[in-house]
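Asker: after the sequence you'll find the predicted model.
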Amino acid sequence: MEKFQSTKIFDGYSCVFRQWKAEGTHCRFLHGYGVSFKVWFEGELDGRNWVWDFGGMKRAKGNIDGMNPKAWMDYMFDHTTIVSVNDPYLNLFKQMEVDGIIQLRIIKAVGAEQFAKYIYEKLNNFVQAETEGRVKVVEVEFREHEKNTAF
């Protein structure tokens, strides 16, 4: 069977994070970006001659972490503070969420490369289930802004 690719850019997200292990750089401080990501889908064409429905995240039957995929992306990246599970100030961040100061998201590791990996894993599992194995995610590019990207 012939394989095809398509891409989709997800943008308009604003989030704050810090890389607490980044000694000697300003990345150890809380800092925010307008973030986006580009996803490469690969697979066989469906009955509409599409690899992936560009609006497929909104119209999905399946979910990611119990949420519609579009809602999950908003939940994770729209005006959130993202920290790693081993950040030494995690309890302070948790208290700020309780106090209504931040919308906290805790993941295994932060940084552009780790966000690309995290999104890839979440979306690839979802896409493969949603298409019954017809399509997979082959790459995710995470953008902190116009100048910094990671795959």
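Answerer: Received, thanks. Being a predicted model, the structure only gives us computed values, none of them experimental.
Asker: could I get the buried residue list for stretch 119-127?
Answerer: 119-120, 122-124, 126-127 (16 or more other C-beta atoms under 10 Å). Bear in mind the C-beta positions are built from the backbone N, C-alpha and C, glycine included.
Asker: neighbouring contacts of the helix or strand containing residue 41?
Answerer: Element membership for residue 41, per DSSP states H and E: strand 31-43. The contact list for strand 31-43 (C-beta atoms under 8 Å, 6 or more residues apart in numbering) reads 3-18, 51-52, 77, 115-116, 119, 123, 127, 131, 134-145.
Asker: just the buried ones among these, please.
Answerer: Buried, going by 16+ other C-beta under 10 Å: 6, 8, 10, 13, 15, 17-18, 51-52, 77, 115-116, 119, 123, 127, 131, 135-137, 140-144, out of these.
Asker: in which helix or strand would I find residue 50?
Answerer: For residue 50, there is no host helix or strand (DSSP H and E).
Asker: now the longest helix anywhere in the chain against strand 31-43, angle please.
Answerer: For the chain, the helix with the greatest residue count under DSSP state H is helix 112-130. Helix 112-130 runs at 40 degrees relative to strand 31-43, counting by axes from the mean of the first three to the mean of the last three C-alpha atoms, to 10 degrees.
Asker: ok, residues contacting the helix or strand following helix 112-130?
Answerer: Helices and strands here follow DSSP H and E; after helix 112-130, the next one along the chain is strand 135-143. For strand 135-143, contacts defined as C-beta under 8 Å, 6+ apart pick out 5, 35-44, 51-52, 112-113, 115-117, 119-120, 123-124, 127-128, 149-151.
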